[in-house]
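Engineer: heads up, no residue letters with this:
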């Protein structure tokens, strides 16, 4: 029985040491957490975060020169649809470390997204085949039916080149010189874009709220003739 006080004393000492270690550990964890500046915490995205958005890219190569990417639910899975003039591909959306990467017909795309504290999506960077890319909400798109868009025809100074739409057909040509019948088209991406395959070529159009900072409703159009690439994207303003 003479050893009992010593055992009790040692037990209290061990408990005190353990308590100090635990308190120090909790303090260190709290300090590490607080050392991360507000707003800089890494937010990991899920595929569902991208639903309701679409992307338009200007590409380095000609096949296609422009790409329209949009998201659709198919069979319970979120799919990324890639439309180009005369091209359509679909991929299941897989997001890893905020990156969405795909390879399509010899082109590669790597998009890095960020989710704001308000829940909106931002396109932080892009690499691969895209020389320029912009992200839009689906609500920023607009219908092309019953609208006419214009751009300057580069070959003739001061002459406007028009493209106009009704509900099923479009007509493009120099002002006042247009065919009596247009070409059929159909919308894609919930109205974010439209496509057409005519005897004169394959078309892809994308309706965006602004392009490269112009702040105007803009129609971007790529026309491919005989499956050849387009050297540029035509930019029309409504």
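Structural biologist: Thanks, I have it. Only a predicted model underlies this, so the values are computations on that prediction, with no experimental measurement involved.
Engineer: Which SSE is immediately downstream of the lowest-mean-pLDDT helix or strand in the chain?
Structural biologist: Among the helical and strand segments of the chain, the one scoring lowest on mean pLDDT, DSSP states H and E is helix 4-34, with a mean of 44. Downstream of helix 4-34, the first helix or strand assigned by DSSP states H and E is strand 53-59.
Engineer: Adjacent strands (with direction) for that following strand?
Structural biologist: Here strand 53-59 has these sheet partners by DSSP bridges: strand 66-74 (antiparallel), strand 130-137 (antiparallel).
Engineer: so which of those strands gets nearest residue 186?
Structural biologist: strand 66-74 (13.3 Å; Cβ to Cβ). Every residue, glycine included, has its C-beta placed from N, CA and C.
Engineer: what's in contact with that closest one?
Structural biologist: The contact list for strand 66-74 (Cβ atoms under 8 Å, 6 or more residues apart in numbering) reads 50-59, 78-85, 90, 93, 107, 109, 130, 138, 188-190, 192-193, 204, 206, 220, 222, 230, 233.
Engineer: among those, which ones are buried?
Structural biologist: 50, 53-59, 78-85, 93, 107, 109, 130, 188-189, 192-193, 204, 206, 220, 222, 230, 233 (16 or more other Cβ atoms under 10 Å).
Engineer: Quick check: strands, which of those are part of them?
Structural biologist: Using DSSP state E, the members of the buried ones among the contacts of strand 66-74 that fall in strands are 53-59, 78-84, 107, 109, 130, 188, 193, 204, 206, 220, 222.
Engineer: Where does pLDDT dip in this protein?
Structural biologist: Applying pLDDT under 70 to the chain flags residues 1-43, 153-158, 174-181, 227-230.
Engineer: What sits closest to the residue nearest to the spatial centre of the chain if chain neighbours are left out?
Structural biologist: Centroid-nearest residue in the chain, with Cα atoms, centre = their mean: residue 55, separated by 3.3 Å. Spatial nearest neighbour of residue 55, excluding adjacent residues (Cβ to Cβ, 6 or more residues apart in numbering): residue 69 at 4.1 Å.
Engineer: list the contacts for residue 233?
Structural biologist: 58, 65-66, 220-222.
Engineer: In the sheet, which residues pair with residue 92? Tell me.
Structural biologist: residue 79.
Engineer: Is it in contact with residue 79, as I believe?
Structural biologist: Yes: between residue 92 and residue 79 there is a contact at 6.0 Å, judged by Cβ atoms under 8 Å.
Engineer: How about residue 54, nearest residue that isn't a chain neighbour?
Structural biologist: Closest to residue 54 by Cβ to Cβ, 6+ apart is residue 70, at 4.1 Å.
Engineer: where's that neighbour relative to residue 130, distance?
Structural biologist: 15 Å (Cβ to Cβ, to the nearest Å).
Engineer: Quick check: bridge partners of the residue nearest to the centre of the chain?
Structural biologist: Under the criterion used (DSSP bridges), residue 55 bridges to residue 69, residue 135.
Engineer: Next, the contact list for it, please.
Structural biologist: Residue 55 touches 67-70, 111, 123, 133-136, counting by Cβ under 8 Å, 6+ apart.
Engineer: try residue 134
Structural biologist: 55-56, 123, 208, 210-212.
Engineer: Produce a ChimeraX select command limited to the buried residues of those.
Structural biologist: In ChimeraX syntax, the buried subset of the contacts of residue 134 is picked out as below (16+ other Cβ under 10 Å):
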select :55,56,123,208,211
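Engineer: would you list the contacts of residue 134 in JSON lines and tack on secondary structure and distance to residue 164?
Structural biologist: Listed next are those as JSON lines, based on DSSP: H, G, I helix; E, B strand; the rest coil; distance: Cβ to Cβ, whole Å:
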{"residue": "55", "secondary structure": "strand", "distance to residue 164": "26"}
{"residue": "56", "secondary structure": "strand", "distance to residue 164": "21"}
{"residue": "123", "secondary structure": "strand", "distance to residue 164": "31"}
{"residue": "208", "secondary structure": "strand", "distance to residue 164": "18"}
{"residue": "210", "secondary structure": "coil", "distance to residue 164": "22"}
{"residue": "211", "secondary structure": "coil", "distance to residue 164": "20"}
{"residue": "212", "secondary structure": "coil", "distance to residue 164": "24"}
